[in-house]
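Novice: This is the structure alone, sequence omitted:
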């Protein structure tokens, strides 16, 4: 069963009001209902601490103790008397601040004092009613030694009138504060939720495929600002992916349509014209086989990229010599050296053993070298370099036209072309660099590209020595 859902503004408003009510409930509890208990507890602690502090002076000088007790009677309203062998030897001024008069004790007070003297207790505190003014009084008895006893008392002044005044003040303050808090809570809730409501509305537009929506909102709240920035970034990524999807569909359709058209045309030519001529028939069949191979490469690249992007592809790591692998791949491209005067310049140590997925690394190197071959337009030189320092770095450079600075981050996208016009690659399918990127990330390799317009392009990747 789903819970009831409320607008964010209403939720924020309710929480702010509840918080205000909680503060006032706590205030009423501690200022009204617990005030009397807190007051009596404070007076009791003050009485005990004061007399215990004075008791510490007894061993040094009796006059210092008596002076201290006298000061307490004036400063704190704590009256005291000192008894030695049951006889009163010292009494503070009994007229100070409502102290219990030791000269006019009732029988009950005397009995309590004698009961404490006769007991085994070293200290005791009790609460009685002052017979003179009917106020509550705390009496604290302390035995200093076997002969000397101090009895101190302090009055607990009635605070009922104070409590009544506080109640009236709190009622007025509570009423006014709830009204003010409600107004403030409404504006705070509105300020917090207005940009969120706007972002929600724009998000619905985005879900309908409107990529022109702008999530920028006017707010000084960091979290909402960060959310709007994140939504703008997500919108840009979605738009980019949608553009890539459209380009991919168009480009794949183009790459599929061309070889299929040629396969059909040459098959019909064999059927109708060249089926009797062995040489022409074989030539037409070879063209059909080449186009089928191209289709096979395209399909394999699409499947491979799909697996890599969806984290389906797993790595089967093993040890192998990277130098030997690159040498084998360069040998495959020797046909370009023979037919088109390309030169492959390979600089490396004699051996570099790495631990990686051999098949995927071969795919990476084949794509990068093939890509360099396609764009080495000037002196047709391809430079492959392996450097071993803190880590292993592999560089593959061409002498082609280079890449514009604004296009460097986009070359890893599927079928990306700076001029947005699809061009059939001489060797690859337009998916090569996307596959390379995903394989690098699968291996956690650092990679990148360095390029200047009309200065050529260098692709590189870095393998940690631990690998």
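Specialist: Structure's in. What do you need? Model, not experiment: these values are computed from the prediction.
Novice: Domain map for this structure?
Specialist: Domain ranges of the chain: 8-33+162-205, 35-158, 222-308, 314-463, per automatic domain parsing.
Novice: Can you report phi and psi for residue 379?
Specialist: The phi/psi pair for residue 379 (degrees, to the nearest 10) reads phi -100, psi 10.
Novice: separation between it and residue 449?
Specialist: From residue 379 across to residue 449, the span is 20 Å (C-beta to C-beta, to the nearest Å). For the C-beta atoms, the positions are set from N, CA and C on the backbone; glycine is no exception.
Novice: With distance to residue 211 as new columns, can the domains of the chain be given to me in JSON lines?
Specialist: Output for the domains of the chain, formatted as JSON lines (distance: least, C-beta to C-beta, whole Å):
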{"stretch": "domain 8-33+162-205", "distance to residue 211": "9"}
{"stretch": "domain 35-158", "distance to residue 211": "64"}
{"stretch": "domain 222-308", "distance to residue 211": "4"}
{"stretch": "domain 314-463", "distance to residue 211": "16"}
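Novice: Adding mean neighbour count and mean pLDDT, write the ones you listed out as JSON lines.
Specialist: Below are these laid out as JSON lines (neighbours: other C-beta atoms under 10 Å; pLDDT from 0 to 100):
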{"stretch": "domain 8-33+162-205", "mean neighbour count": "14", "mean pLDDT": "73"}
{"stretch": "domain 35-158", "mean neighbour count": "16", "mean pLDDT": "78"}
{"stretch": "domain 222-308", "mean neighbour count": "14", "mean pLDDT": "72"}
{"stretch": "domain 314-463", "mean neighbour count": "16", "mean pLDDT": "81"}
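Novice: among those, which is nearest residue 215?
Specialist: Closest approach to residue 215 among the domains of the chain (C-beta to C-beta): domain 222-308, 4.0 Å.
Novice: now the helices for the protein?
Specialist: Secondary structure of the chain (DSSP state H): helices located at 8-28, 35-55, 62-75, 107-118, 160-207, 222-269, 278-309, 322-332, 334-340, 358-375, 432-443.
Novice: which outside residues touch the fourth one?
Specialist: Contacts to helix 107-118, defined as C-beta atoms under 8 Å, 6 or more residues apart in numbering, come from residues 83, 86, 100, 105, 124, 126, 128, 139, 141, 143, 149, 151.
Novice: For the second one, which non-adjacent residue is spatially closest?
Specialist: Sequence neighbours aside, residue 117 is the residue nearest to residue 86 in space, at 6.7 Å (criterion: C-beta to C-beta, 6 or more residues apart in numbering).
Novice: Ok, the first one next?
Specialist: In space, and not counting its chain neighbours, residue 83 is closest to residue 149: 4.7 Å by C-beta to C-beta, 6+ apart.
Novice: How much space separates that neighbour from residue 358?
Specialist: Taking C-beta to C-beta as the measure, residue 149 falls 98 Å from residue 358.
Novice: Same check on residue 235?
Specialist: Relative to residue 358, residue 235 is positioned 40 Å away (C-beta to C-beta).
Novice: How about residue 44?
Specialist: Noted for residue 44: a distance of 85 Å to residue 358, by C-beta to C-beta.
Novice: now swap in residue 70 and tell me
Specialist: With C-beta to C-beta as the criterion, residue 70 and residue 358 are 99 Å apart.
Novice: now swap in residue 169 and tell me
Specialist: To residue 358, residue 169 is 84 Å away according to C-beta to C-beta.
Novice: And for residue 335?
Specialist: For residue 335, the distance to residue 358 equals 24 Å [C-beta to C-beta].
Novice: ok, back up a step: right, and the helices of the chain - which one's nearest residue 408?
Specialist: Residue 408 sits nearest to helix 432-443 of all the helices of the chain, at 11.4 Å, using C-beta to C-beta.
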